[in-house]
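Enquirer: with the sequence up front, the predicted model follows.
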Amino acid sequence: MRIQKIISVVVALCWMGATNAQNVINLYSARHYPTDEALYSEFTKATGIAIQRVDADDAGILARLRTEGSSSPADVILLVDASRLWKAETEGLFLPVNSKVLEAAVPVHLRSKPNGQGEIAWFGMSTRARIVVYDKLKVDRQQVDAYEKLANPKLKGQLCIRSGSHPYNLSLFGAIHEHMGSAATENWLKGMVSNMARSPKGGDTDQIKSVASGECAVAVTNTYYLARMLRSNNAAEKSMAESLGVVFPNQGSWGTHVNVAGAAVARYSKNSAAAIKFLEYLVSPAAQNHFANGNNEWPVVKDLKFDNPALKAMSGGEFKSEVIPISAVGMNQIKVQQMLDRVGFK
Ligand code: FE
């Protein structure tokens, strides 16, 4: 009798363990934005599925997944750049999935190509544009309204940009390669190196501040860094951002380069049903609004109403973005890195 009781308690505990495992997903996230906390807690509130999070940078997450192999506890992976998503996909770190909800919500050019079974390895969840800011006293808008013009010798000694090898730049340059081809892209990179005010250093916010401080006249940045400054409680930062000219390049041609922050189910997820549920939650109007209002990114879901004054102010409401497959942008990164080495773009 007593043994039977013990067995039934053990069985009950095992069952509870199994149930709990169903109600937890392990999220490996490279999204370095504190405002995302609300995003995760709303999902848990709505579904009862808890999220255990591992935060690291993109390279750290990929390294961890490689080391853990098939024993990895990861269910969902969030990365913040097309070239990194592409790299993880080619290394087989993602589990391609079928989801009508995701396919209906995410435009074809903002997700990976389907495999032979029609499954998709990753989905863009939000976008950020890579734009140009400039000193209105030193530079005319039409001097910098296209990426190609950043290589014009007239801008000699005036350009600030972060490292060429940073994934945000690798993706931009990979996109330019799609638009202009190899020879023209390498020439363009060479021209930018001659125009630099200083060696590449710092992040995008540092480039914006360098224009405001007069160190350079032109800089390249992702939109959400500029929007963050425009909405800052720090008056000095806010007025720095407000003083600058802002251009969404190539409105007259192929459109401004946009990069994605994306999500995927982990290759060895033990709970892929819940992982897919989380990805589907990320394209819901509430989550998409969160990307727009919490972290100043553009939603991937079309015709979604959102109200972010900084995004509106800088873009004038709408802008033309390029529509090349973002997966092709990732694929070009090796070629682009070799060009950077050749032209001395650090
Ligand atoms: Fe970033």
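Expert: Ah, there it is.
Enquirer: how about the nearest residue to E89 once chain neighbours are set aside, what does it touch?
Expert: Distances taken as C-beta to C-beta, 6 or more residues apart in numbering place A121 nearest to E89, at 4.5 Å, with adjacent residues excluded. Using the backbone N, CA and C atoms, a C-beta is placed for each residue, glycine as well. For A121, the contact set (C-beta atoms under 8 Å, 6 or more residues apart in numbering) comprises E89, F94, L95, P96, S112, N115, A264.
Enquirer: I'd say the fourth one and N115 touch.
Expert: It refers to P96. Yes. P96 lies in contact with N115 (C-beta atoms under 8 Å); the separation is 5.2 Å.
Enquirer: ok, those two, which is more surrounded?
Expert: Shown here are P96 and N115; by other C-beta atoms under 10 Å, P96 has more neighbours (19 against 11).
Enquirer: I figured L155 hits A197, correct?
Expert: No. With contact defined as C-beta under 8 Å, L155 does not reach A197; the gap is 9.5 Å.
Enquirer: tell me the SS of M125?
Expert: The three-state assignment at M125 reads strand, by DSSP: H, G, I helix; E, B strand; the rest coil.
Enquirer: give me the subset of the contacts of A121 that lies in strands.
Expert: Mapping the contacts of A121 onto strands (DSSP state E) picks out A264.
Enquirer: return the closest of the contacts of A121 with respect to A146.
Expert: Nearest to A146, judged by C-beta to C-beta, of the contacts of A121 is S112 at 28.7 Å.
Enquirer: find the nearest non-adjacent residue to that closest one, please.
Expert: What sits nearest to S112 in space, not counting adjacent residues and going by C-beta to C-beta, 6+ apart, is A121, at 4.4 Å.
Enquirer: how far away is that neighbour from R31?
Expert: In this view, A121 and R31 are 18 Å apart by C-beta to C-beta, to the nearest Å.
Enquirer: P114 now?
Expert: 25 Å.
Enquirer: returning to that earlier point: who touches both of L155 and A197?
Expert: A217.
Enquirer: name the residue in those two with the higher neighbour count.
Expert: Neighbour totals were compared for L155 and A197, and L155 leads with 24 against 19 (other C-beta under 10 Å).
Enquirer: what's the closest residue to that one other than its chain neighbours sitting at in phi/psi?
Expert: Distances taken as C-beta to C-beta, 6+ apart place N195 nearest to L155, at 4.6 Å, with adjacent residues excluded. Backbone torsions of N195, given as degrees, to the nearest 10, read phi -90, psi 0.
Enquirer: hmm, N195 is touching L159, no?
Expert: Yes. Contact status for N195 versus L159: in contact at 4.3 Å, counting by C-beta under 8 Å.
Enquirer: tell me the buried residues in stretch 218-235?
Expert: 218-231 (16 or more other C-beta atoms under 10 Å).
Enquirer: A129: what secondary structure?
Expert: With three-state DSSP as the basis, the three-state label of A129 is strand.
Enquirer: that one contacts G255, correct?
Expert: No. Using C-beta under 8 Å, A129 makes no contact with G255, being 9.4 Å away.
Enquirer: joint contacts of those two?
Expert: With C-beta under 8 Å, 6+ apart as the test, A129 and G255 both reach F319, S321.
Enquirer: neighbour-wise, which of these two wins?
Expert: Under the neighbour definition other C-beta under 10 Å, A129 and G255 were set side by side, and A129 has more, 24 against 19.
Enquirer: and that one, how far is that from E119?
Expert: 29 Å.
Enquirer: list the buried ones in stretch 88-103?
Expert: For stretch 88-103, by 16+ other C-beta under 10 Å, it's A88, E89, L93, F94, L95, P96, V97, S99, L102.
Enquirer: and the fourth one, what does it touch?
Expert: Residues touching F94, when contacts are defined by C-beta under 8 Å, 6+ apart, comprise I77, A88, A121, W122, A264, V265, A266, R267.
Enquirer: need these in CSV with pLDDT and distance to W298, can you?
Expert: Below are the contacts of F94 laid out as CSV (pLDDT from 0 to 100; distance: C-beta to C-beta, whole Å):
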residue, pLDDT, distance to W298
I77, 98, 21
A88, 96, 23
A121, 98, 22
W122, 97, 18
A264, 98, 20
V265, 98, 24
A266, 98, 26
R267, 98, 29
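Enquirer: cross the residues you listed against helices and list the overlap.
Expert: A88 (DSSP state H).
Enquirer: helices of the stretch 1-150 of the chain, start to end?
Expert: Along the stretch 1-150 of the chain, counting by DSSP state H, counting those that start in this stretch, helices occupy 2-22, 37-47, 58-68, 82-90, 100-105.
Enquirer: helices and strands around the fourth one, which ones?
Expert: Taking 3 or more C-beta pairs under 8 Å, 6 or more residues apart in numbering; DSSP states H and E as contact, the helices and strands that helix 82-90 lies on are helix 58-68, strand 76-79, helix 167-180, strand 258-265, helix 326-331, helix 333-343.
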